[in-house]
Every structure is written in C-alpha cells, then in structure tokens.
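> sequence unknown, structure follows:
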Ligand SMILES: [Zn+2]
C-alpha cells in the first residue's frame, strides 16, 4: 500500500485538494482519498513537490505510422502531407514493428495510460497484446469510388475482428467526410453494433475541406478530381452537420482536429485537438474559445506529423493559446478522453479506479517548462 501526496491532488472530480493524500494498493487501485496528511498513515506518506494527476489519455494517434517520424519535415500543407503518408508501405516490416514498440514506450514514459488509435492494418496488434497501454482501435476506412466500397468494408471487418478477438475495443470508422463516399458511409453505419461506443473522424483539419463542401473548389477538390473520385462526395453534402446527425443517432462521435471549425458549427459531439500536428502541417491551431470544456479531448496524432508523443507538450501549446486553467487542461488530458473512449477505470482519482498517477512539477512558468514523472 502506498500513500502519495503533493502540493495539490487534482482528482478532477472536485477542486484540487491542497496537501491531499492518495492511498493506492499494489495493483494501482485507489483505495482512499484524504484531504489532509494527518492520520494513522502520516508516517507512510511519500511527499512530492508539484501536483499529482491521473494518467493521460491520448485520444488520437496512429501508432502504425510511427516509422514515418521525420520524413515529412518541411512539408508544405495538407495535400503534400497526404502524399508522404502514402509512402507508408515502402518500409520493411521489422522497421515498422520496431518503430511501433519504441513509440509505445515513449507514450508510457510520458504518463499516457490509454490511447484512441487509428488503424488501417493489424501492424500494431502484437505490441498491443502486451497490454502495456489500453487501446480503443478505430479501424479507418476511406474510399472515393463506389466500385471498391464493399471490398473496403470486408477488409475493415477482418481487421476489426482481429482486434476484437484479442479482447480489444475496435470500431470501423470513416477517415473523413471528404474521403468516404455516401454509400460507404451508409455501410459503416449499418455494420455498427452494440460493441461500438464511438466513431472517430478527422474534421476540418484543412481549410480546403471547407472550400470543398462550401464552394466545390480548392486543393482538396483538385486532388479528389485527379484521383477520379466520385463527385458524389462534394455534391451530396452541403455541410458536415447533416452527416454527423445521422451517425449521432447511433453513437457518440469524436471529431478530430477542428482547426478550421467555427463557433456556430460546434455540436454536442466530442472534439479532439492535436495542436502540434496542426502546427506541423498547416501552421495553424483551433480557436480554443469555441469548445465546451466537458467535451474537449487531446491527442498527439502520429509521429508522421509530430516529433513526440507527449500529452504535456500538447497541453503546453493549448495553454499558450487559450485561457484554460490548469484544472481545465488536465480535464482535457485525462477525464474527457477517458469518458469519450469509454475507459471507466481511467481519467479521475476516484475510489476503485486504476487511473495511473502522474507528477507534474516546475509548472509555475508554464507547462512548457514543467517536468513530468510517472509515479504509477
Ligand atoms: Zn489522424
């Protein structure tokens, strides 16, 4: 049994507890939470300088793209980035698997306990079976031609069932509005079952997505035409909202990026921000004043568009570009992601949960200068 205390305990179910104490058993389960250091356990307390918070939830990652780290440096814009990701198969299997292993280790070191991970393959399955971290696997589909749609679904079902047969959460999900035909969207909706909790969809990552749907023009429109995409993609939809309403009748949706989302477009869906990836590809981040603080999550995206998998680094960018308090930033990093992804044991310090424990110190001059240590 351990008794952990720091200057403040951020339980994320109440205001921070000054000198609070967390009693944790040897499996990491929270046995009790005390708002004072005096008591029969007083001589057993491990006292840290800084604050204690639950383990972080990385709500959006593509672990299987980790081997692309660094190759898209100096990329100019979203279309160029997409063409670089298309080179993902030009690497040996051992290089891909090594990169996955190292990336997971990096997340562990950075106090992450669970991940919303986008998969186009089963490359990450071996690593995930070690259960070092908990994953919600989003099996990503995209297809811009109706002819292939049934094959795409078949392939996605196989991948989904490989994850599910290993007792992991897995849901087939559309990549983005601009990359999935209406027919494929309806197939995805139809095969959704009661094991699914959430869809995760890339949304308004580039302004060209807005231009495509609003004016039928722009780089993304040109690119889709160049790959002979069916015009149904941009003709059958006026705006994203009608599509989201259809999905929302089935499950919650996590909309990822939202770099070019306006306040009027915000719905009661979950939103995930990946600011470092946005800066990497588009040199722009979302307007943080538009989001509901109870529905905002944070992710790292993949190492193809980021130099690290660190939630604290993402938070430091959000902190510099918003009015969020430390308590609000930690809700985004822990509680909201756990709720969206359905990880009931994580996200807050509550008796009976096993959320992991992170120590953040030296944060007074901003999270950018802080130190992070994983305690449990
Ligand atoms: Zn992504």
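Here it is on my side, so go on. Since the structure is predicted, the reported quantities are computational estimates derived from the model, not experimental observations.
> contacts, neighbours, all on C-alpha from now
Will do.
> right, and the helix or strand after the helix or strand of the chain with the lowest mean pLDDT?
Sorting the helices and strands of the chain by mean pLDDT, DSSP states H and E puts helix 240-248 at the bottom, at a mean of 68. Next helix or strand after helix 240-248 toward the C-terminus (DSSP states H and E): strand 252-257.
> Give the partner strands of that next one in its sheet and their orientations.
strand 198-203 (parallel), strand 270-273 (parallel) (DSSP bridges).
> hey, which of those strands is tucked in deepest?
strand 270-273 (a mean of 28; mean count of other CA atoms under 10 Å).
> now it, how far from the centre of its chain.
Strand 270-273 sits 8 Å away from the centroid of its parent chain (CA atoms, centre = their mean, to the nearest Å).
> From residue 210, how far off is the closest residue to residue 335 other than its chain neighbours?
Leaving aside its chain neighbours, residue 335 sits nearest to residue 347 (4.0 Å; criterion: CA to CA, 6 or more residues apart in numbering). Taking CA to CA, to the nearest Å as the measure, residue 347 and residue 210 are separated by 33 Å.
> picking up where we left off before, now the residue nearest to residue 335. Its backbone dihedrals?
For residue 347, the backbone dihedrals (degrees, to the nearest 10) come out as phi 100, psi -30.
> Show me how the record splits this structure into domains.
2-52+363-374, 56-346 (automatic domain parsing).
> quick one on the thing from earlier: who has more neighbours, residue 347 and residue 210?
Counted by other CA atoms under 10 Å, residue 347 and residue 210 do not tie: residue 347 has more neighbours, with 31 against 21.
> That one touches residue 13, doesn't it?
No. Shown here, residue 347 and residue 13 do not form a contact pair, counting by CA atoms under 8 Å, at 9.7 Å.
> isn't there a strand covering residue 190?
No. Counting by DSSP: H, G, I helix; E, B strand; the rest coil, residue 190 is not part of a strand but helix.
> Check what pLDDT it gets.
Note for residue 190: predicted pLDDT of 92.
> again with residue 237
61.
> pLDDT of the strand or helix carrying residue 152, averaged?
Using DSSP H and E, residue 152 falls within helix 149-165. Mean pLDDT, helix 149-165: 96.
> From the contact counts, what lies against it?
strand 134-141, strand 169-174, helix 182-191 (3 or more CA pairs under 8 Å, 6 or more residues apart in numbering; DSSP states H and E).
> run the last query once more with 6 Å
Using 3 or more CA pairs under 6 Å, 6 or more residues apart in numbering; DSSP states H and E as the contact test, no helix or strand touches helix 149-165.
> Report the angle between that helix and strand 169-174.
Put simply, helix 149-165 runs at 160 degrees to strand 169-174, going by axes from the mean of the first three to the mean of the last three CA atoms, to 10 degrees.
> List the buried residues of helix 149-165.
Residues of helix 149-165 classed as buried by neighbour count (16 or more other CA atoms under 10 Å): 149, 152-153, 156-157, 159-160, 163.
> With stretch 41-61 instead?
45, 48, 50-61.
> can you check stretch 117-124 too?
In stretch 117-124, counting by 16+ other CA under 10 Å, buried: 117-120, 123-124.
> Give me the residue ranges of the chain where confidence is low.
236-243 (pLDDT under 70).
> Try it again at 80.
Regions of the chain meeting the criterion pLDDT under 80 cover residues 72-80, 82-84, 146, 235-250.
> show me where it has helices.
78-85, 93-109, 125-129, 149-165, 182-191, 207-215, 219-226, 232-235, 240-248, 275-282, 311-320, 326-330, 336-341 (DSSP state H).
> a markdown table for those, including distance to residue 267?
Putting the helices of the chain into a markdown table (distance: least, CA to CA, whole Å) gives the following:
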| stretch | distance to residue 267 |
| --- | --- |
| helix 78-85 | 25 |
| helix 93-109 | 30 |
| helix 125-129 | 33 |
| helix 149-165 | 28 |
| helix 182-191 | 20 |
| helix 207-215 | 17 |
| helix 219-226 | 24 |
| helix 232-235 | 22 |
| helix 240-248 | 9 |
| helix 275-282 | 20 |
| helix 311-320 | 21 |
| helix 326-330 | 20 |
| helix 336-341 | 15 |
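> Out of the ones you listed, which is closest to residue 41?
helix 326-330 (27.3 Å; CA to CA).
> elements contacting that closest one?
Against helix 326-330 (3+ CA pairs under 6 Å, 6+ apart) you get no helix or strand.
> mind listing what's buried in stretch 71-78?
Buried residues in stretch 71-78 (16+ other CA under 10 Å): 72, 75, 78.
> Likewise for stretch 287-298?
So for stretch 287-298, counting by 16+ other CA under 10 Å, buried means 287-288, 291, 293-298.
> Quick check: the farthest pair among these?
287 and 294, at 16.0 Å, using CA to CA across the buried residues of stretch 287-298.
> what's the burial count for residue 170?
28.
> Distance-wise, check the closest residue to it other than its chain neighbours relative to residue 343.
Computed as CA to CA, 6+ apart, the closest residue to residue 170 that is not its neighbour in sequence is residue 137, at 4.5 Å. As for residue 137, its distance to residue 343 is 13 Å (criterion: CA to CA).
> So for the two, which residue has more residues nearby?
Legend: neighbour count by other CA under 10 Å for residue 137 and residue 343, higher for residue 137 (28 against 18).
> Could you double-check that the more buried one sits in contact with residue 117?
Yes. If you go by CA atoms under 6 Å, residue 137 and residue 117 touch, sitting 5.0 Å apart.
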